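Undergrad: Let me see the structure of the following:
(one chain, ligands or ions: 2)
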Amino acid sequence: MAFRKDRSKTTNPVTDPANGNPATSNADYIVQIDDVHKSYVMGKEAVPALRGITLNVRRGEILCLMGPSGSGKTTMLNIIGGLDSASRGHVYVDAQNIIVLNEEKLASLRLRKMGFVFQNFNLLSNFTALENVQVPMVLIGRRSTKRAQELLRLVGLADRMGHYPSELSGGQQQRVAIARALANDPPLLIGDEMTGDLDTATSYEIMTLLVTLNKEHGTTIVFVTHDPRMSVFAHRVIHMNDGRLADEVVNPAPATHNPLMETAGVIH
Ligand SMILES: Nc1ncnc2c1ncn2[C@@H]1O[C@H](COP(=O)(O)OP(=O)(O)OP(=O)(O)O)[C@@H](O)[C@H]1O
Ligand SMILES: [Mg+2]
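TA: Numbering: from 1, shown residues only. Ligands and ions are numbered 1, 2, ... in the order given. Model (predicted):
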């Protein structure tokens with residue numbers, strides 16, 4: 001794959017040079033992170049997890065974060081998602097300064113603006129696929145069986161709506177998790193090692209599903225992976241190291257199809 005190096009985008013200025021404050025709302029960006037630091041206090045020690053991250057994510061972008069274990073990838077996603085708070089710096093999501101939000105407002109923002117997909121699916125085991133997808137809808141008081149059915153159809157599970165997680169394969173469970181993440185039609189989908197527990201073929205299926213969602217619905221996707229074969233679906237790959245952005249690669253021709261299907265001659 002022909003990757004083009006482009007380090008300029010790593011440091012897109014979100015800071016107004018006149019006063020050092022971050023630009024409040026640049027409509028081009030769904031996420032704006034400016035000089036974010038995060039330290040965890042362990043006993044008397046401060047463990048630095050992020051050491052000054054500045055990053056913008058364009059609306060409609062597929063951004064992949066990679067890097068060694070402990071480099072700060074999950075911490076970064078958690079801070080974007082308001083699941084964890086920055087020790088220093090500014091974080092804007094959909095033009096909203098999330099640092100100043102209280103827990104209630106953060107929870108509301110998460111439910112409406114973001115969908116989360118994790119390595120271990122995190123489905124409720126005693127709820128069916130359909131009921132799992134409806135959970136975020138119930139939480140904002142807008143339960144819709146029709147929409148949940150549409151979402152399950154979208155992820156290719158029309159015939160599995162009444163199944164419980166234990167009756168679904170790993171790939172099918174992850175599809176339910178993706179449908180659930182999209183329940184309230186968020187502009188941003190955040191994935192942490194979404195394909196980490198899936199075999200290669202299923203991982204490719206999940207990634208091509210996400211690419212389709214991105215193309216057809218404009219959903220911005222920020223995902224972490226350790227697998228370089230999954231990073232080829234991203235428009236941009238950022239490598240983290242020791243709590244910093246170490247490198248950035250812009251991909252001018254991101255993969256859109258499952259390469260295994262191409263090999264089999266199914267897609268030309
Ligand atoms: N809740 C916490 N308390 C203390 N330290 C933490 C906590 N969460 C993360 N850390 C530390 O912050 C650093 C970054 O962790 P993080 O989970 O973001 O790494 P990662 O890049 O996601 O790693 P992996 O690839 O293993 O998932 C690590 O040194 C980790 O030990
Ligand atoms: Mg992690």
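
Undergrad: And the helices in the stretch 101-250 of the chain?
TA: Applying DSSP state H, counting those that start in this stretch to the stretch 101-250 of the chain gives helices spanning 103-113, 129-139, 145-154, 170-181, 200-217, 228-231.

Undergrad: Run the angle between the second one and helix 103-113 for me.
TA: Read it as helix 129-139. 130 degrees (axes from the mean of the first three to the mean of the last three CA atoms, to 10 degrees).

Undergrad: Which other helices and strands does helix 129-139 contact?
TA: helix 145-154, helix 170-181 (3 or more CB pairs under 8 Å, 6 or more residues apart in numbering; DSSP states H and E). All C-beta spots, glycine's among them, are computed from the backbone N, C-alpha and C.

Undergrad: So what touches it?
TA: Residues from elsewhere that reach helix 129-139 (CB atoms under 8 Å, 6 or more residues apart in numbering): 111, 115, 123-124, 127, 143-145, 147-149, 151-152, 157, 160-165, 168, 176-177, 179-180, 183-184.

Undergrad: Now do the helix or strand Tyr92 falls within: distance to the chain's middle.
TA: Here Tyr92 sits within strand 88-93, counting by DSSP states H and E. Taking CA atoms, centre = their mean, to the nearest Å, one finds the center of strand 88-93 at 17 Å from the center of the full chain.

Undergrad: Quick one: residues in contact with that strand.
TA: Strand 88-93 is contacted by residues 14, 21-22, 24-25, 29-37, 52-53, 79-80, 82, 97-99, 109, 113-114, 188 when judged by CB under 8 Å, 6+ apart.

Undergrad: farthest residue from the center of the chain?
TA: In terms of distance from the mean C-alpha position of the chain, Lys44 ranks first, at 32.9 Å (CA atoms, centre = their mean).

Undergrad: Surely Ala49 is in a strand?
TA: Yes: under DSSP: H, G, I helix; E, B strand; the rest coil, Ala49 sits within a strand.

Undergrad: That one and Gly72 touch, don't they?
TA: Yes: the pair Ala49 / Gly72 is scored as a contact, 5.0 Å apart, by CB atoms under 8 Å.

Undergrad: which one of those two has more residues nearby?
TA: Gly72 (25 against 22; other CB atoms under 10 Å).

Undergrad: list the contacts for that one?
TA: Applying CB under 8 Å, 6+ apart, the residues contacting Gly72 are Lys38, Ala49, Leu50, Ile53, Met240, Asp242, Gly243, Arg244.

Undergrad: measure the residue lying closest to it once chain neighbours are set aside to ligand 2 for me?
TA: Spatially, and ignoring its direct neighbours in sequence, Gly72 is nearest to Gly243 (4.5 Å; CB to CB, 6 or more residues apart in numbering). Going from Gly243 to ligand 2 by CB to the ion, to the nearest Å gives 13 Å.

Undergrad: and the gap between Gly243 and Arg88?
TA: 12 Å (CB to CB, to the nearest Å).

Undergrad: Show me which of those two is the more surrounded one.
TA: Gly243 (23 against 12).

Undergrad: Could the C-alpha coordinates of the helix or strand hosting Thr74 be exported in CSV?
TA: For Thr74, the host element (DSSP H and E) is helix 73-80. Extracted C-alpha coordinates of helix 73-80, given in CSV (Å, rounded to 0.1, in the frame of the first residue of the first chain):
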residue,chain,number,x,y,z
LYS,A,73,-4.1,4.8,23.2
THR,A,74,-7.0,3.8,25.5
THR,A,75,-6.4,6.8,27.7
MET,A,76,-6.7,9.0,24.6
LEU,A,77,-10.0,7.3,23.5
ASN,A,78,-11.3,7.6,27.1
ILE,A,79,-10.5,11.3,27.2
ILE,A,80,-12.2,11.9,23.9
